[in-house]
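Q: Sharing a model that was predicted from the sequence below.
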Amino acid sequence: MIEGVAIDGSSTSGEKPRRGRRVRMTAAERRQQLLDIGRTLFAAKGFEGTSVEEIAARAGVSKPVVYEHFGGKEGLYAVVVDREMRQLLDMVTGALTAGHPRELLEQAAFALLDYIESYTDGFRILVRDSPVAQSTGTFASLISDIATQVEDILGLEFKARGFDPKLAPLYAQALVGMVALTGQWWLDARRPKKAEVAAHLVNLAWHGLDGLEQKPRLIGHRKS
């Protein structure tokens, strides 16, 4: 691949190889190629470890081509992160279809583990530290977005059981955070199997919720 063109070197049997015709990439194709390369490098090396020079070299273009499409490394990173965040958020929120709260917990756990399994590079990018200048697109902000989806469901369940629905955001953050941190560990461990991890997550979360006290007490000496 050289400066936006691909070489078609096909030839018929018995003929001497001839110089192929040049096929120029469209702007959309070039943009997608740079996104794919950037995604791979950011996952492997992180933001700081990835350079515009390496991205351009992998794509077979000059550095100005990268700047033309994204304004620099920061712009490319922001688009990659935004796409991964939307992919994961869509998978989690789209999975929450059941009516029973326990099955909803299972669906949420499976959705995150499915994403890690299918979009491993994307998840590695999300859990890495974002650039200092990046105010959005952090893993914490993504978890907060997912927790917001969950807190509405928890609020209805709390109200039905006589609990204070105002506490639903706190419990939503705790539940989603537990699943997310377990997912980070499973990213590299990949043991036990996905279904078993989901079952243990739900076991802890559900049986904890099942025996929930309306007014939990502290048993240590510290009370404030």
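A: All right, it came through fine. Being a predicted model, the structure only gives us computed values, none of them experimental. Numbers count the residues shown, from 1 in each chain.
Q: pLDDT weak spots in this protein?
A: Flagging of the chain using pLDDT under 70 yields the residue ranges 1-23, 98, 129-138.
Q: can you list the domain ranges for it.
A: Annotated domains of the chain cover 1-6+18-71, 81-224 [automatic domain parsing].
Q: A140: what's it in contact with?
A: A140 is in contact with no residue at all, counting by C-beta atoms under 8 Å, 6 or more residues apart in numbering. C-beta coordinates here come from the backbone N, C-alpha and C atoms, glycine included.
Q: could you say what helices and strands the helix or strand L41 falls within packs with?
A: Using DSSP states H and E, L41 sits in helix 27-49. When contacts are defined as 3 or more C-beta pairs under 8 Å, 6 or more residues apart in numbering; DSSP states H and E, helix 27-49 packs onto helix 52-59, helix 63-70, helix 73-95, helix 120-127.
Q: Out of the ones you listed, which is closest to P192?
A: Closest approach to P192 among the helices and strands packed on helix 27-49 is made by helix 120-127 (17.6 Å; C-beta to C-beta).
Q: Not counting that closest one itself, show me its contacts.
A: Contacts with helix 120-127, where a contact means C-beta under 8 Å, 6+ apart, come from 39-40, 42-44, 80-81, 83-85, 87-88, 115-116, 139, 142, 183-184, 187.
Q: Repeat the analysis, applying 7 Å as the threshold.
A: By C-beta atoms under 7 Å, 6 or more residues apart in numbering, the surrounding residues in contact with helix 120-127 are 39-40, 42-43, 80-81, 84-85, 87, 115-116, 139, 142, 184, 187.
Q: and it, which residues are buried?
A: D121, G122, F123, R124, I125, L126, V127 (16 or more other C-beta atoms under 10 Å).
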